[in-house]
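Q: Got a sequence here, can you build the structure:
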Amino acid sequence: MASASPRRQELLRQIGCEFRVVVSDADELSGDGIPPDRLAAENARRKAEDVAAKAGGNAPVLGADTVVAVDEKILGKPKDAADAARMLRLLSGRQHFVYTGIALAYRGEVYTDAVRTAVWVGKLSDEEITAYIATGEPMDKAGAYAVQGIAAKFIPRVDGSFSNVVGLPLYAVRELARKAGIVL
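A: Sure thing, here's the model as predicted:
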């Protein structure tokens, strides 16, 4: 797996996958002018190919990249508390989309996909935003929230893959593996 994300590792363990982590050094695109689904898929492909090249062998390598988008504007990980507050205010009381690109490099081939999930955030007060940021949870998350954590109380609705919002669309990973001839 070409990701150090503890959330992605936990999701893979949840479905019984055995894996080892090799963190990618691939340069990621920032998203200027690239649709969110294509950005996530391209960054995932870059990560998977980078680690596959390092590993050399025929072991499958899974790369993933998750982006949060509001009106096609991509929200990355917050730089600091003020940036997290800005993102949470932007998400407050509205729908946004979470895109996770996945790429499986295996035996010289790269299989890619991107999954989109709609997420609604309830209206947040400034006090709730400040208290949430004080927990530290938003600081390493795209969009400044963790749907599987404390922020769950702010999310009234998710349409699509819940595991996608956490960071790895498990059904789509299974389908990529099937295309590559791997049974998960």
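Q: what are the ranges of the strands in the protein?
A: Secondary structure of the chain (DSSP state E): strands at 61-70, 73-75, 94-106, 109-121, 157-159.
Q: Could you give the separation of the first one from the chain centroid?
A: Spelled out, that is strand 61-70. Centroid separation for strand 61-70 versus its chain: 4 Å, with C-alpha atoms, centre = their mean, to the nearest Å.
Q: Quick check: mean pLDDT of stretch 73-81?
A: Averaging pLDDT along stretch 73-81 gives 93.
Q: Give me the buried positions along the lengthiest helix in the chain.
A: Longest helix in the chain, counting residues (DSSP state H): helix 36-55. Within helix 36-55, the residues scored as buried using 16 or more other C-beta atoms under 10 Å are 36-37, 39-52. To be clear about C-beta, it is placed using only N, CA and C from the backbone, and glycine gets the same treatment.
Q: Give me the contacts around that helix.
A: Identification of contacts with helix 36-55 by C-beta atoms under 8 Å, 6 or more residues apart in numbering yields 2-3, 22-29, 31, 34, 61-67, 69, 72, 74, 97, 99-106, 110, 112-114, 116.
Q: Okay, and the beta partners of the residue nearest the centre of the chain?
A: Taking C-alpha atoms, centre = their mean as the criterion, residue 66 is the residue nearest the geometric centre of the chain, at 2.5 Å. Beta-bridge partners recorded for residue 66 (DSSP bridges): residue 100.
Q: wait, what's in contact with it?
A: Residue 66 makes contact with 40, 98-101, 142, 164, 167, according to C-beta under 8 Å, 6+ apart.
Q: Show me what the least confident helix or strand in the chain by mean pLDDT is packed up against.
A: Using mean pLDDT, DSSP states H and E, strand 73-75 stands out as the lowest-scoring helix or strand of the chain, at a mean of 91. For strand 73-75, the elements it packs on are strand 61-70, helix 81-91, judged by 3 or more C-beta pairs under 8 Å, 6 or more residues apart in numbering; DSSP states H and E.
Q: Go through those and pick out the most buried.
A: Scoring those by mean neighbour count under mean count of other C-beta atoms under 10 Å gives strand 61-70 as the most buried, with a mean of 24.
Q: Okay, angle between that one and helix 81-91 too, please.
A: Between strand 61-70 and helix 81-91, the angle comes out at 70 degrees (axes from the mean of the first three to the mean of the last three C-alpha atoms, to 10 degrees).
Q: Can you say which of the contacts of helix 36-55 are buried?
A: So, by 16+ other C-beta under 10 Å, the buried ones in these are 2-3, 22, 24, 26, 31, 34, 61-67, 69, 74, 97, 99-106, 110, 112-114, 116.
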